[in-house]
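1. I need the structure of the sequence given here:
(2 chains, ligands or ions: 2)
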Amino acid sequence: MYYVEISGLSKRYGTTTVFEDIQLGLKKGEFVTLLGPSGCGKSTLLRCLAGLTEADQGQIRVDGQDITHLAPQKRGIGMVFQHYALFPNMTVAENIAFGLKMLKCPAEEMARRVAEVIRQVELSNKEHHYPHELSGGQRQRVALARALVVEPRILLLDEPLSALDARIRRSLREEIRDIQSRLGLTTVFVTHDQEEALTLSDRIFVMNQGRIVQEGSAETIYTQPATEFVARFMGSYNLLAPTEAKQLLGLDLKGHLAIRPESIQLSEPGRSYPAHFAPVAAIIRQHQLLGNIIRYHVEAQGTTLLIDHLNRSADDLLPTGTQIAVLIDRQQMREVH
Amino acid sequence: MRADRYHHLVVTLLILLLALPIVATLLYSLTQRWEASILPEGFTLAWYWQLWQDARFLTAFGHSLLVCVGTLLLSTVIIIPAAFVVFYRFPWLDRWMNIIILLPFAMPPVVASVGLLQVFAGGPLPLVGTPWILVGCYFTIALPFMYRALANSLLALNVRDLMDAAYLLGASTPRAFLSVILPNLRKGLMASLFLSFSFLLGEFVFANLLVGSRYETLQVYLYNMHNASGHFTSAVVMSYFLFTLVLTWFATRLGRQD
Ligand SMILES: Nc1ncnc2c1ncn2[C@@H]1O[C@H](COP(=O)(O)OP(=O)(O)OP(=O)(O)O)[C@@H](O)[C@H]1O
Ligand SMILES: [Mg+2]
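-> Numbering: from 1, shown residues only, chains lettered A, B, ... in the order given. Ligands and ions are numbered 1, 2, ... in the order given. Model (predicted):
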């Protein structure tokens, strides 16, 4: 029995279908990510859950209660928006207190709760600043505090980090995860960034063109992509067409063969190897330094493969043009459709 | 450096040229005679004294204020909700609004007056000769100023997200509008109100053709006084000018504050 249960949810605008027959279940206290490319319907799904957009069909239940047609004010759902949506005419403290004011919370309790949540998001001494006086990261903390202070049943975050620069993004996402697990808050996080999804989530729902194409833990999604789309979307998978797979590995496949770059090893021609590896002769064409990883682009019988190699020392670097044997782990290959 | 000086010279000359009639009017209104001599003679505040004690002038001034303030109240009450609805619910309507608000300007006031006189002279709504018809006309004049100013403020606001955020925090639509949208429109609204006000205070054609002396406004009063002493009418013009100057100054100040 799920805490939040979405079943058969569909939404159309005119003739365009935004999403169709969405099934989705969240456990209480779980951090779930909706991951998908731009325009796949993530925001619309989130807005339906919040009650800001009316779905055409289907049902949303929270804690056994049908909330499909409940007004957003009554759902007990908090939301953080991509562009903060802070009230520009109010200070940080006033922004955060807004929800409590709507609940007619007594003044002392309000002050106490606002102060507490401000401390939680590390914004002490900014209480009396206006949103336009804050940095992007600070604004998003205010937005988070404003959503949290009313103690919602579910927290929705719609690409909350995508307007921020990389460094702030990393630190803030850890902070969000931290607060979420401390409060045990059921959370839906929307993103189109697979790295964000992988680092944060208990579970990931991958969406494409209005459908959920795969759900599972971060490990599952990353190591066992169900479809070609997921494999492509999750990063730098090597995807071999059936003809390439036949040529290189002698496999007869209907779909593409997905191989993660880090599951291929570099070896010297003629060296022995464990039985579950398939050897392929190749030549190094290029490399990229990705910090702790060196990514080689090697060519094997006209097919380019990406290989990720741990960057242990500068002496390891293989120059362009080196003839090598690549060893592909058969246990890590996946056929996808 | 020399180009710089040249630019300064041009600007200075332009300012002098523009200021000349105002300064001359000011001098004329402050003196007794300016006929045979190069410079005026006999400094006096008598014209202003006479003007500000003239019951007819004060009545006309009061009429003007009433018509303008009434118009602006009406505009505020109608245009704010309209602009809000456009930007919150039907953003595509903004394009049409931009055309609609300019329509009244496509027709010269004299031509429009002829039509209005025919429609409102008798019939079910005999408004000609009453201030109500001016309020209606002036509404169409204030509309583009106010709509555009409000539209700009709303455009900068991201109305949908703000409303949604307020909903999720428990606010009803009116409550959300009053506490998170309206306060952010104040600046744009005030600036456009002052601008419209000074514009409307100087309106003559509609006032003269549709109402005339039956509800004498400032501009019509000035026109009716054209047989009076030039010193006296100069005092009228200067009083009016100072009043609008102060208002415009206020408007630009409000517009600049952030
Ligand atoms: N109000 C609307 N009217 C018409 N079409 C809409 C409306 N809102 C969304 N859509 C369409 O629905 C589709 C999904 O939009 P949505 O905003 O949910 O995507 P998204 O996954 O959140 O994308 P992004 O990552 O860019 O935010 C898009 O094709 C969009 O054009
Ligand atoms: Mg979106």
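2. C-alpha from now on. contacts and neighbour counts both.
-> Noted.
3. Check which helix or strand B:P144 maps to.
-> In this assignment (DSSP states H and E), B:P144 forms part of helix B:131-155.
4. what about that helix and chain A, any contact?
-> No - judged by CA under 8 Å from any CA of the partner chain, helix B:131-155 and chain A are separated, with a smallest distance of 11.9 Å.
5. Which other helices and strands does that helix contact?
-> When contacts are defined as 3 or more CA pairs under 8 Å, 6 or more residues apart in numbering or on different chains; DSSP states H and E, helix B:131-155 sits against helix B:55-88, helix B:103-106, helix B:182-201.
6. Tell me, how many residues neighbour B:A112?
-> B:A112 is flanked by 15 other residues according to other CA atoms under 10 Å in any protein chain shown.
7. same question but for A:Q332, I mixed them up
-> A:Q332, neighbours per other CA under 10 Å, totals 16.
8. Which strand or helix spans A:L144?
-> In this structure, A:L144 sits in helix A:136-148 according to DSSP H and E.
9. For stretch B:234-247, list the C-alpha coordinates in PDB.
-> Provided in PDB are the C-alpha atoms of stretch B:234-247 (Å, rounded to 0.1, in the frame of the first residue of the first chain):
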ATOM      1  CA  SER B 234      -0.500  84.000 -18.200                       C
ATOM      2  CA  ALA B 235      -1.100  83.500 -14.500                       C
ATOM      3  CA  VAL B 236      -3.700  80.800 -15.300                       C
ATOM      4  CA  VAL B 237      -1.200  79.000 -17.600                       C
ATOM      5  CA  MET B 238       1.600  79.300 -15.100                       C
ATOM      6  CA  SER B 239      -0.600  77.900 -12.300                       C
ATOM      7  CA  TYR B 240      -1.600  75.000 -14.400                       C
ATOM      8  CA  PHE B 241       2.000  74.500 -15.600                       C
ATOM      9  CA  LEU B 242       3.400  74.400 -12.100                       C
ATOM     10  CA  PHE B 243       0.700  72.000 -11.000                       C
ATOM     11  CA  THR B 244       1.500  69.500 -13.800                       C
ATOM     12  CA  LEU B 245       5.300  70.000 -13.300                       C
ATOM     13  CA  VAL B 246       5.000  68.900  -9.700                       C
ATOM     14  CA  LEU B 247       2.900  65.900 -10.700                       C
END
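10. which residues touch it?
-> When contacts are defined by CA atoms under 8 Å, 6 or more residues apart in numbering or on different chains, stretch B:234-247 is touched by residues B:T25, B:L26, B:Y28, B:S29, B:L30, B:W47, B:Y48, B:L51, B:F194, B:L195, B:S198, B:L222.
11. Can I get the residues you listed in CSV including pLDDT and distance to chain A?
-> Shown next, in CSV, are these (pLDDT from 0 to 100; distance: CA to the nearest CA, whole Å):
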residue, pLDDT, distance to chain A
B:T25, 90, 45
B:L26, 90, 43
B:Y28, 87, 49
B:S29, 89, 47
B:L30, 88, 47
B:W47, 87, 48
B:Y48, 89, 44
B:L51, 87, 45
B:F194, 88, 22
B:L195, 86, 24
B:S198, 87, 28
B:L222, 87, 44
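12. hey, where'd the helices end up in the stretch 151-300 of chain A?
-> Assigned by DSSP state H, counting those that start in this stretch, the stretch 151-300 of chain A shows helices spanning A:166-183, A:194-200, A:218-223, A:228-233, A:242-249.
13. is ligand 1 contacted by the second one?
-> This means helix A:194-200. No - residues of helix A:194-200 are not located near ligand 1 by CA under 6 Å from any ligand atom, the shortest gap being 12.3 Å.
14. next one: the fourth one
-> No - with CA under 6 Å from any ligand atom as the measure, helix A:228-233 is seen stopping short of ligand 1, the closest distance being 13.5 Å.
15. returning to what we had before: which among the contacts of stretch B:234-247 count as buried?
-> Among those, those classed as buried by 16 or more other CA atoms under 10 Å in any protein chain shown are B:T25, B:L26, B:Y28, B:S29, B:L30, B:W47, B:Y48, B:L51, B:F194, B:L195, B:S198, B:L222.
16. Show me the shaky parts of chain B.
-> Scanning chain B with the threshold set as pLDDT under 70 gives B:1, B:255-258.
17. can you list the domains in it?
-> B:1-44, B:55-256 (automatic domain parsing).
18. Out of those, which is closest to A:Q140?
-> The closest of those to A:Q140 is domain B:55-256. By CA to CA, the value is 13.1 Å.
19. show me the contacts for residue 83.
-> With no chain named, the answer covers chain A. A:H83 makes contact with A:P160, A:A163, according to CA under 8 Å, 6+ apart.
20. meant chain B, my bad for not saying
-> B:Y147, B:L150, B:A151.
21. one more time with 6 Å, if that's ok
-> Listed by CA atoms under 6 Å, 6 or more residues apart in numbering or on different chains, B:A83 has no contact partners.
22. which ones are touching the residue of the stretch 101-250 of chain A found nearest chain B?
-> Here the residue of the stretch 101-250 of chain A nearest chain B is A:M102; by CA to the nearest CA that distance is 5.7 Å. By CA under 6 Å, 6+ apart, A:M102 lies in contact with B:G170.
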